[in-house]
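**Q** 3D, please:
(2 chains)
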Amino acid sequence: MEAVAAVVRRIVYYGETLCVKPSAKSRSAIVVINMLKDMIERGKPFPMPPEFKQTVVPKIALLIQNARKAGIPVIYVCDAHRADDPEFSDFPAGAEHCVKGSGREQVIDEVKPLSGDYIVEKRRFSGFFGTDLDILLSELGVDTLFFAGRPTNVCVLYTVADAFQRGYSVVAVEDCLYSRTKEYHQSGLDAMIFARKTTLDGFLREYRGAEK
Amino acid sequence: MRQALLVIDLNKDHIYRNKPFNADRLRTKMPNIVKAIEYARHHEMPVVHVTCTHTDKDAIFSTGWCRPHAIEGTQGADIVDEVKPKSEDYVVHKRRLSGFYGTDLDLYLRELGIESVMLVGGQTHMSIRYTAVDAYQLRYRPVILRDCVDSCSQEFNDRTLNELFFCRISSLGEIT
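**A** Residues are numbered from 1 along each chain as shown, chains lettered A, B, ... in the order given. Have a look, this model is predicted:
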């Protein structure tokens, strides 16, 4: 009986906490990671299957449009490397990509930033590493972050983990995230055990008033 | 290249009490971890114990993704006897996933002129992963000894190692 009670306690414990919805006081932002021309249109530094543009990009575009309508800040976190960035020789497929000033480090037209959006440039995996992302979020009074972009198991995961470590509530918008294989994508989601998971539709339901 | 050994998250709650993850697999790696520490001492590599020490109301527990563990001042937060730190070792207490977050680990390694870190301990998909990625981002060369780390499941362990393309994945056998 004691074992059963322990299991029930745990279900209640996890059940309560994993269903936490944003409170009236919470303020959200959308973090859109690495939607960049070099990566998506030129397959740098890793190959980019065409399905990404066909199936996921339209959803990310909808997420961003609806966030803007709901007054939720949209923050683009983007690789912007030095031409001699050591990352390019650090790992086997780490070819030159997204060099600042090349034009190829720009966000793709489909989800182009508008005035009022924010852009944070980074040189490492995590959007928090060596950037002003944490400062920006505190200035915006944000405590909850919805994540979109790619790759789920690298830059997204490490930014989500860093946000969690800094005390933000983190939410993965699953169908607005992408890795170049299903396994990598799922592995990234599985690794985010500290994140709440939702979908584009789930996000739209949470923010009534936003049009689909 | 000057190298330090990072011995990660081997406290009593983690290893003896399976908190917050099952440690059956990791416990089988303890003899290898002990050997890695002996190797480091023999080669005069600094040994740094990076260990969870949470406050009782630590914000990391607040969303309920894991059970409270390794609370400061409790026996569960003590490092297991098998790898008990020696007086010349350095101990870093962390409250988050990465050994670098909110700690002086980077300062300590810089002061010693360390360029590469060798990681052993657990769990591969949590503290090992996030400490390795921070080490890489800080420009230390991370090396993970695959026979000295593990996760609660083989799948988590193997997938994580497979995705750490910016780390060198080695083994005790390879380095000794």
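**Q** Going by C-alpha atoms from here, please, whenever you check contacts or count neighbours.
**A** Noted.
**Q** Low-confidence ranges, the chain, go.
**A** No chain was given, so I picked chain A. Within chain A, the ranges that satisfy pLDDT under 70 run A:1-25, A:208-212.
**Q** What segments of it are strands?
**A** A:28-33, A:74-79, A:118-122, A:144-149, A:169-177, A:196-198 (DSSP state E).
**Q** now for these, which one comes closest to B:Arg41?
**A** Across the strands of chain A, B:Arg41 has its closest neighbour in strand A:118-122 (37.6 Å, CA to CA).
**Q** Could you measure from B:Pro31 over to chain A?
**A** 27 Å (CA to the nearest CA, to the nearest Å).
**Q** Point out the residues in chain B that sit beside chain A.
**A** Residues of chain B lying close to chain A (CA under 8 Å from any CA of the partner chain) are B:59-60, B:62-65, B:96-97, B:101, B:125, B:130, B:133, B:137, B:159, B:163, B:165-166.
**Q** nearest spatial neighbour of residue 89, skipping sequence neighbours?
**A** Defaulting to chain A. Of all residues not flanking A:Ser89 in the chain, A:Ala95 sits nearest, at 7.2 Å (CA to CA, 6 or more residues apart in numbering or on different chains).
**Q** Sorry, I should have been clearer: chain B.
**A** With sequence-adjacent residues excluded and distances taken as CA to CA, 6+ apart, B:Asp89 is closest to B:Val47, at 5.2 Å.
**Q** I'd like the distance between the one you found and B:Glu38.
**A** Distance, B:Val47 to B:Glu38, using CA to CA, to the nearest Å: 10 Å.
**Q** and those two? which has more neighbours close in?
**A** More crowded of B:Val47 and B:Glu38, by other CA atoms under 10 Å in any protein chain shown: B:Val47, with 23 against 15.
**Q** My guess is that one contacts B:Ile8. True?
**A** No: in this structure, B:Val47 is not within contact of B:Ile8 by CA atoms under 8 Å, at 10.7 Å.
**Q** mind listing the helices for chain A?
**A** Assigned helices in chain A, in chain order: A:2-18, A:37-41, A:51, A:57-69, A:87-90, A:133-140, A:157-165, A:182-191, A:200-206 (criterion: DSSP state H).
**Q** I meant to write chain B there.
**A** B:12-16, B:24-27, B:30-42, B:105-111, B:129-137, B:154-163, B:172-175.
**Q** hmm, who's touching the longest one?
**A** By CA atoms under 8 Å, 6 or more residues apart in numbering or on different chains, the surrounding residues in contact with helix B:30-42 are B:Ala4, B:Leu5, B:Pro46, B:Val47, B:Glu82, B:Val83, B:Val120, B:Gly121, B:Asp147, B:Cys148, B:Leu172, B:Thr176.
**Q** Just give the number of residues close to the nearest residue to A:Arg124 once chain neighbours are set aside.
**A** Closest residue to A:Arg124 apart from its sequence neighbours, by CA to CA, 6+ apart: B:Gln137 at 6.0 Å. Around B:Gln137 there are 19 other residues, counting by other CA under 10 Å.
**Q** can you pull the contacts of B:Gln137?
**A** B:Gln137 is in contact with A:Arg124, A:Phe125, A:Phe129, counting by CA under 8 Å, 6+ apart.
**Q** Also A:Gly167?
**A** Applying CA under 8 Å, 6+ apart to A:Gly167 gives the contacts A:Asp143, B:Ala59, B:Ile60.
**Q** So what's the residue count around A:Gly94?
**A** Residues near A:Gly94, counting by other CA under 10 Å, number 16.
**Q** rewinding a little: save the contacts of helix B:30-42 as TSV, and put in pLDDT too.
**A** Output for the contacts of helix B:30-42, formatted as TSV (pLDDT from 0 to 100):
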residue	pLDDT
B:Ala4	98
B:Leu5	98
B:Pro46	98
B:Val47	98
B:Glu82	96
B:Val83	97
B:Val120	98
B:Gly121	98
B:Asp147	98
B:Cys148	98
B:Leu172	96
B:Thr176	86
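**Q** which of those residues lies closest to chain A?
**A** Comparing the contacts of helix B:30-42 against chain A with CA to the nearest CA picks out B:Gly121 as the nearest, at 18.0 Å.
**Q** Just list whatever residues bridge to that closest one.
**A** B:Ile8, B:Val149 (DSSP bridges).
**Q** wait, doesn't it sit right on B:Cys148?
**A** Yes: using CA under 8 Å, B:Gly121 is in contact with B:Cys148, at 6.2 Å.
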